[in-house]
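Asker: Here is my input; please provide its structure:
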Amino acid sequence: MKQLSVAVLFLLGLGSCFGDYYETQENLLNELFHKYNGNIKPAHKVNVTLSMYMRAFFEVNLIKGYMDSQVTFRQKWNDERLAYSNSAQFSDIEFLTISPGYFKKMWTPDTFFMNEIESHVFENLAPNFYIRIYPNGDVMYSRRLKLKTTCMPMWNQDNNMVKCPIMVASYGYQTKDIEYLWDVDKPLSTNKEGTFITNFEPQMDMFKTTTQTIETSTGVYNAAQAQFVFKHVINPKMYCNA
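Answerer: You can find the predicted model right below:
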């Protein structure tokens with residue numbers, strides 16, 4: 001009988017913990033989004049910090065002028081309307097992961113790939129992205145993509161090198177509205193086991209990130225670029241007689 005009583009008390013306590021968890025999460029979502037307007041950007045000027053993880057390089061085709069790759073693309077910015085560090089009841093929440101339903105309510109940068117030919121968003125089992133909100137209002141947006149982007153059509157014949165960039169910018173916001181920055185600690189990382197190209201070798205020590213200002217007929221825009229360098233090689237296996 002004593003063992004049964006202990007088991008019942010344990011189950012009741014466990015149920016209370018789960019109840020507290022659900023209630024806390026629900027209260028935080030309600031507090032953050034009750035009067036939130038995702039049509040308005042969080043500040044007069046928003047700094048968007050970028051980082052990229054190159055999961056795989058599939059092809060570099062100079063005849064058709066493209067690079068085929070898979071990438072995890074991350075953007076981080078601050079939205080003080082979503083800060084909850086001053087609320088004691090939420091002090092135990094390290095970060096809040098947002099569901100797709102709430103994601104649609106949020107303001108996000110209108111970032112696009114300037115030299116994209118085509119792209120694919122992974123949604124097998126579930127959409128391959130997440131949004132995390134941190135106590136100070138920082139927002140992390142991460143998404144897995146397959147990209148086909150334009151490459152420079154000619155390579156440097158002196159060293160057999162070719163450069164293939166991935167370029168991003170805001171589609172509608174000008175420099176006074178959005179500025180792109182690369183993450184200071186780790187702007188670009190690469191899966192060293194993720195190269196499936198037969199005739200080009202990635203020169204990872206030559207990969208780099210930059211930002212620039214672009215002026216068009218509609219205004220001045222801020223842009224960011226990750227540049228990838230490949231060395232053209234001849235694969236002996238392609239020319240061996242059977």
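
Asker: What pLDDT is listed against the residue positioned nearest the centre of the chain?
Answerer: Central residue of the chain (C-alpha atoms, centre = their mean): residue 74, 2.0 Å from the mean position. In this model, residue 74 is scored at 98, pLDDT.

Asker: List the residues that contact it.
Answerer: For residue 74, the contacting residues are 50, 51, 52, 53, 140, 141, 142, 143, by C-beta atoms under 8 Å, 6 or more residues apart in numbering. All C-beta spots, glycine's among them, are computed from the backbone N, C-alpha and C.

Asker: same deal with residue 132?
Answerer: Counting by C-beta under 8 Å, 6+ apart, residue 132 touches 95, 96, 97, 98, 139, 140.

Asker: Drop anything exposed from these.
Answerer: Neighbour-count burial (16 or more other C-beta atoms under 10 Å) is assigned, among these, to 96, 98, 139, 140.

Asker: Where does confidence bottom out across those?
Answerer: For the buried ones among the contacts of residue 132, the pLDDT minimum is residue 98, 92.

Asker: Endpoint to endpoint, stretch 32-40 covers what distance?
Answerer: Length of stretch 32-40, first residue to last, C-alpha to C-alpha, to the nearest Å: 15 Å.

Asker: Reduced to three states, what does residue 127 come out as?
Answerer: Assigned with DSSP: H, G, I helix; E, B strand; the rest coil, residue 127 falls in the coil class.

Asker: The residue nearest to it when sequence neighbours are not counted: neighbour count?
Answerer: Nearest residue to residue 127, sequence neighbours excluded (C-beta to C-beta, 6 or more residues apart in numbering): residue 100, at 6.3 Å. Burial of residue 100 is recorded as 11 neighbouring residues (other C-beta atoms under 10 Å).

Asker: Strands along the protein, start to end?
Answerer: Assigned by DSSP state E, the chain shows strands spanning 46-61, 66-78, 96-98, 111-113, 116-121, 129-133, 138-150, 161-170, 178-182, 188-190, 200-202, 208-216, 219-232.

Asker: what's the angle between the longest one and strand 66-78?
Answerer: Following axes from the mean of the first three to the mean of the last three C-alpha atoms, to 10 degrees, one obtains 170 degrees for the angle between strand 46-61 and strand 66-78.

Asker: buried stuff in strand 46-61?
Answerer: Under the neighbour-count criterion of 16+ other C-beta under 10 Å, strand 46-61 has 46, 48, 49, 50, 51, 52, 53, 54, 55, 56, 57, 60 buried.
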